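**Q** A predicted structure for the sequence below; I have some questions about it.
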Amino acid sequence: MTQQARMRSNQSSLCILNCTTGDRAAVEGASFVIGSAPGSDLQLSSPQCPQVFCKIARRGDVMELNFSTPVLINGTLAAFFRSMPGEEHTVMGGGHLLAFKNTPQPEAWMALARDNSWFVYSSETHDWSGPFGSEYLRSWLGQFSANSRKQMLLIPNGMEQMGFYLQDAKDILSIPPPSSPPAEKSAWYDRHSSGDAAAHGHESEPAPLGMELNSEYGEFTCPICWFKFDRGDVMNIAVHNSLRGDPMLGDEAMQRFHATRFNDRGQALDAMGLATSDLACPHCRRKLPPGFLDLPHHIFSIVGAPSSGKSYYLSVLVKLLQSTLFQNFGITFRDADPSENVILTQMKTQLFSSSSPEDAFLAKTDLEGALYETLPRQGRKVRLPKPFIFKLSHPATPESGFSMVFYDNAGEHFEPTRNSADSPGAQHIAVASGIFFLFDPLHNTEFRAMMSGVTDPQIKQHRTDQQDVILAETEVRIKSLLGLDSRQRVATPLAVMVGKYDTWSYLLGDAPLLPAIQDGAVRLDNIKANSARVRELMVRSCPSIVANAEAISSNVCYFAVSPLGCSPVEFLDREGTPRIGPDPKQLNPRHVEAPTLWVLAQATPDMIPSSPSAH
């Protein structure tokens, strides 16, 4: 049958690969013969192969294969099988390894020419590697023990579903025995080049087995575990339901793997041949946000004591940035992954759409609550805060787009006793583009002593004030994680935000604060002038906060902010417990965006214009 006739009839062709020689053939007629006889349609040359090894006959859309002697068909001894459209089969017998693929597109199969390269899949670790040429495959497999080899499957290039167990195929492929003594290996592939090599049809050179991926160097920083990696290190997430069960994440998680096979659109294929677009960090294996490799990321770390109002601040900030950035700069601020930001979206909606303080009340961020998840990090399972990631872009300069990453840490994570390897939840401060310290003046005895006539119910609460200790601990952590001398300071912008400005604004005098935005630009001079006024007040009331902040960074600015713009009210929740929460009818946020705009003007000057210049 000619190719045009086959296309008109829409029939599948049975494609065949002699895996030892790379010879390929496509059965498009009614019959086909495989054997050692000179007239065979596919001639095999091994001495143990009979002259007529297999006869193939077409029965409509079905191919029937009859072998002259029992062979291993898909790992089972038999002498006959039927091939339906879309199916793949492997046959071992007559001294040969044969792969069969029933497809309506034999051209793609034949285009591989005499390619007899291999991929390797481990059912033990769920990892892929390859493609390997035959010679390199032999030397590479020699590094594994006999036990590891029992879990390995060899997949010929062009196959997507079926392969050969290494234990069955090792003699025909002349695979050498395991080295003695065997050395168990933990890494499988060259994480930096296997995907690109497969995409271009080249053989990859795996990294020395047993090497750990370096977490301190790389083009990208994971927004979940904050370790670094390069583009070639990134993992894909399997789609097919049978590929559930990741060795590091547990039985319910989809397997993570390094892509070595791709479809025509460049999408990675999982072990069952399904296209996947979701990526995962190679360290913690958590799903990365869509488009993660396409945009630079800026981590914004919000630090503060327990119950200082970080959740309220973050909820209000995200709400206001959407309108402020678009109205003043034409910048679109949107969810990078709405499904992952759903908790923050719910907090924002709860605060701004409620009709009563009871409904608007945001529960304290719990160390083990919904804002945290358990993930592997440095060989142990730890609780890490979920990132909230947003994309910023301008229609006129799409190439300058970037992402912002926020966290809603429990305040306890910043306390000195929490900084252990098992509780690294606040280590994002060391890789942040900006650090935001939220100071609660109503928790500070000296600041409260300066206030008079305040009716805010929070002033009745008396808590131990550790805010200067938390700021000092922040300094220790940053310098420890970055390997800095105690006398060195980072250049990372540090915004000291004095919250609840609505309760103490009169302490700054009658003159209002200058606007952070004027004439379509961030006014850095205004921000500096406001900072000087707030700093002078903090020096008089809380000098330890100023001293600790300016020991951390050489780039400190002070802000007066009020996320709610009004005092909260007292109420009883549904269980009758006394609570303090905002009245949604009185919300009037003040100066909430100013700290973020100050950092953005420095981190992304091409996107956020400033006057005078940020440089």
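**A** Received, thanks.
**Q** which helix or strand in the protein has the lowest average pLDDT?
**A** Of all regular secondary-structure elements in the chain, judged by mean pLDDT, DSSP states H and E, the least confident is helix 194-199 with a mean of 36.
**Q** now the lengthiest helix in the chain: buried residues?
**A** In the chain, taking DSSP state H as the definition, the longest helix is helix 310-329. Applying a neighbour-count criterion of 16 or more other C-beta atoms under 10 Å, the buried positions in helix 310-329 are 310-322, 324-325, 328-329. To be clear about C-beta, it is placed using only N, CA and C from the backbone, and glycine gets the same treatment.
**Q** output the contacting helices and strands for that helix.
**A** Helices and strands touching helix 310-329, by 3 or more C-beta pairs under 8 Å, 6 or more residues apart in numbering; DSSP states H and E, are strand 297-304, strand 332-335, helix 342-353, strand 388-393, helix 594-603.
**Q** mind listing the helices for the stretch 51-200 of the chain?
**A** Along the stretch 51-200 of the chain, the segments classed as helices by DSSP state H, counting those that start in this stretch run 106-110, 134-141, 146-149, 166-169, 194-199.
**Q** just name the most buried of the ones you listed.
**A** Compared across those, helix 194-199 shows the largest average neighbour count, a mean of 20 (mean count of other C-beta atoms under 10 Å).
**Q** what's the average pLDDT for the helix or strand that that one is followed by?
**A** On the C-terminal side of helix 194-199, the closest following helix or strand by DSSP states H and E is strand 220-221. Summarised as a single mean, pLDDT over strand 220-221 is 90.
**Q** swap in stretch 83-90?
**A** Across stretch 83-90, the average pLDDT comes to 90.
**Q** got the contact list for the residue nearest the centre of the chain?
**A** Using C-alpha atoms, centre = their mean, the residue of the chain that lies closest to the mean C-alpha position is residue 288, 2.1 Å off. Residue 288 is in contact with 222-223, 234, 278-281, counting by C-beta atoms under 8 Å, 6 or more residues apart in numbering.
**Q** poorly predicted segments of the stretch 451-600 of the chain, please.
**A** Screening the stretch 451-600 of the chain residue by residue with the criterion pLDDT under 70, one finds the ranges 456-464.
**Q** tell me where it has helices.
**A** Residue ranges of the helices in the stretch 451-600 of the chain, as given by DSSP H, counting those that start in this stretch, are 467-482, 501-504, 524-541, 543-552, 594-603.
**Q** just name the most buried of those helices.
**A** Among the helices of the stretch 451-600 of the chain, helix 594-603 has the highest mean neighbour count (mean count of other C-beta under 10 Å), at a mean of 24.
**Q** angle of that one against helix 310-329?
**A** Regarding helix 594-603 and helix 310-329, their directions subtend 60 degrees when assessed with axes from the mean of the first three to the mean of the last three C-alpha atoms, to 10 degrees.
**Q** quick one: residue 359 from residue 572, how far?
**A** Residue 359 sits at a distance of 13 Å from residue 572 (criterion: C-beta to C-beta, to the nearest Å).
**Q** oh, that last question was meant for residue 263, not what I typed.
**A** From residue 263 to residue 572 the distance is 59 Å (C-beta to C-beta).
**Q** check residue 176 too.
**A** Between residue 176 and residue 572 the distance, using C-beta to C-beta, works out to 76 Å.
**Q** residue 289 reaches residue 390, doesn't it?
**A** No. When contacts are counted by C-beta atoms under 8 Å, residue 289 is not listed as touching residue 390 (9.6 Å).
**Q** anything in contact with each of the two?
**A** Listed contacts common to residue 289 and residue 390 are 336, 403; contacts here mean C-beta under 8 Å, 6+ apart.
**Q** for the stretch 301-450 of the chain, what are the low-confidence residue spans?
**A** Across the stretch 301-450 of the chain, the stretches falling below the confidence threshold (pLDDT under 70) are 362-370, 411-413, 416-425.
**Q** longest strand of the chain?
**A** Counting residues, the longest strand in the chain under DSSP state E turns out to be strand 62-73.
**Q** what's that one packed up against?
**A** Partner elements for strand 62-73 (3+ C-beta pairs under 8 Å, 6+ apart): strand 54-59, strand 76-83, strand 88-93.
**Q** just the ones you listed: most buried one?
**A** Ranked by mean neighbour count under mean count of other C-beta under 10 Å, those are led by strand 88-93, which reaches a mean of 22.
**Q** quick one: list the elements packing against that strand.
**A** By 3+ C-beta pairs under 8 Å, 6+ apart, strand 88-93 packs against strand 62-73, strand 96-103.
**Q** okay if I get the helices and strands packed on strand 62-73 as JSON lines plus distance to residue 154?
**A** Rendered in JSON lines, the data for the helices and strands packed on strand 62-73 read as follows (distance: least, C-beta to C-beta, whole Å):
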{"stretch": "strand 54-59", "distance to residue 154": "21"}
{"stretch": "strand 76-83", "distance to residue 154": "17"}
{"stretch": "strand 88-93", "distance to residue 154": "9"}
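**Q** circling back to that earlier point, using JSON lines, lay out the helices of the stretch 451-600 of the chain together with distance to residue 88.
**A** Formatted as JSON lines, the entries for those read as follows, by distance: least, C-beta to C-beta, whole Å:
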{"stretch": "helix 467-482", "distance to residue 88": "50"}
{"stretch": "helix 501-504", "distance to residue 88": "67"}
{"stretch": "helix 524-541", "distance to residue 88": "64"}
{"stretch": "helix 543-552", "distance to residue 88": "60"}
{"stretch": "helix 594-603", "distance to residue 88": "51"}
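**Q** indicate which one of those helices is closest to residue 510.
**A** The stretch from those with the least distance to residue 510 (C-beta to C-beta) is helix 524-541; that distance is 11.9 Å.
**Q** and the angle from that closest one to helix 594-603?
**A** Here helix 524-541 runs at 130 degrees with respect to helix 594-603, directions being taken by the same axes, to 10 degrees.
**Q** contacts for helix 524-541?
**A** Helix 524-541 is contacted from outside by 441, 444, 446-447, 450, 496, 498, 507-509, 513-516, 518, 545-546, 557-560, 594, 597-598, 601, 610-614, using C-beta under 8 Å, 6+ apart.
**Q** and if we set it to 6 Å?
**A** Counting by C-beta atoms under 6 Å, 6 or more residues apart in numbering, helix 524-541 makes contact with 446-447, 450, 498, 507-508, 513-514, 516, 545-546, 557-558, 560, 598, 610, 612, all of which sit outside it.
**Q** can you get me a residue count around residue 455?
**A** 8 (other C-beta atoms under 10 Å).
**Q** err, residue 339, not the other one
**A** The local packing count at residue 339 equals 10, with neighbours defined by other C-beta under 10 Å.
**Q** now do residue 23
**A** Per other C-beta under 10 Å, the neighbour tally for residue 23 reads 17.
**Q** any idea how far residue 41 is from it?
**A** Applying C-beta to C-beta, one obtains 11 Å for the distance of residue 23 from residue 41.
**Q** okay, now the domains of this structure?
**A** Dividing the chain into domains by automatic domain parsing, as the record does, gives the ranges 3-110, 118-288, 297-611.
**Q** how far does the second one sit from its chain's centre?
**A** If I follow you right, that is domain 118-288. 18 Å (C-alpha atoms, centre = their mean, to the nearest Å).
**Q** that domain spans what distance, first to last residue?
**A** With C-alpha to C-alpha, to the nearest Å as the measure, the ends of domain 118-288 fall 29 Å from one another.
**Q** hang on, the earlier thing: possible to save the helices and strands packed on helix 310-329 as a markdown table with distance to residue 50?
**A** Written out in a markdown table, the entries for those read as follows (distance: least, C-beta to C-beta, whole Å):
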| stretch | distance to residue 50 |
| --- | --- |
| strand 297-304 | 62 |
| strand 332-335 | 64 |
| helix 342-353 | 64 |
| strand 388-393 | 62 |
| helix 594-603 | 72 |
